[in-house]
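> sequence unknown, structure follows:
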């Protein structure tokens with residue numbers, strides 16, 4: 001990306017003053033051209049002390065952090081899925097127990113109905129009216 005060159009005619013300023021003015025204009029240009037988030041990228045480019053070794057070390061550190069975070073996320077996800085499966089199995093067992101109890105109670109109620117009908121028939125035959 002090419003930056004437009006700014007030419008300013010400063011007739012009565014000294015060399016040091018010119019450098020200060022150009023530096024100020026460059027800073028102003030950075031503020032106008034770059035959004036807030038990318039300003040630090042330009043500052044890092046200007047840093048002469050940054051070396052290739054420091055950058056690669058940061059990348060390795062970031063990769064390790066990403067890997068550790070990824071592994072922890074997988075472990076937590078596996079634990080949550082295991083808990084959900086356990087709860088589903090427990091719920092199914094409870095539902096089976098309740099279902100078998102309801103079937104047994106239904107049979108008991110049908111037997112009681114039969115016994116009640118037999119008693120009513122017997123009472124009707126014997127001549128006792130309600």
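That came through fine. Note that the structure is a prediction, hence the values are computed from the model and not measured.
> Where do the strands of this protein begin and end?
Using DSSP state E, no strands are found in the chain.
> Residue ranges in the protein under the pLDDT threshold?
1-17, 19, 32-57, 128-130 (pLDDT under 70).
> Tell me where it has helices.
For the chain, applying DSSP state H gives helices covering 15-33, 39-46, 52-126.
> JSON lines for those, including mean neighbour count?
Where you see a C-beta, it was placed from the backbone N, CA and C, and this is true even at glycine. Output for the helices of the chain, formatted as JSON lines (neighbours: other Cβ atoms under 10 Å):
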{"stretch": "helix 15-33", "mean neighbour count": "11"}
{"stretch": "helix 39-46", "mean neighbour count": "10"}
{"stretch": "helix 52-126", "mean neighbour count": "10"}
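> Now for residue 68: which residues touch it?
Residue 68 is in contact with no residue at all, counting by Cβ atoms under 8 Å, 6 or more residues apart in numbering.
> quick one: it from residue 74, how far?
Noted for residue 68: a distance of 11 Å to residue 74, by Cβ to Cβ, to the nearest Å.
> again, but for residue 23
Residue 23 sits 50 Å away from residue 74, going by Cβ to Cβ.
> And for residue 106?
Taken as Cβ to Cβ, the span from residue 106 to residue 74 is 47 Å.
> Equivalent analysis for residue 118, please.
66 Å.
> again with residue 64
Residue 64 is 16 Å from residue 74, by Cβ to Cβ.
> cool, and residue 18?
Distance, residue 18 to residue 74, by Cβ to Cβ: 59 Å.
> same question, residue 98
Between residue 98 and residue 74 the computed distance is 36 Å (Cβ to Cβ).
> next one: residue 25
Taken as Cβ to Cβ, the span from residue 25 to residue 74 is 52 Å.
> How about residue 110?
Taking Cβ to Cβ, one finds residue 110 at 54 Å from residue 74.
> next one: residue 67
As judged by Cβ to Cβ, residue 67 and residue 74 stand 11 Å apart.
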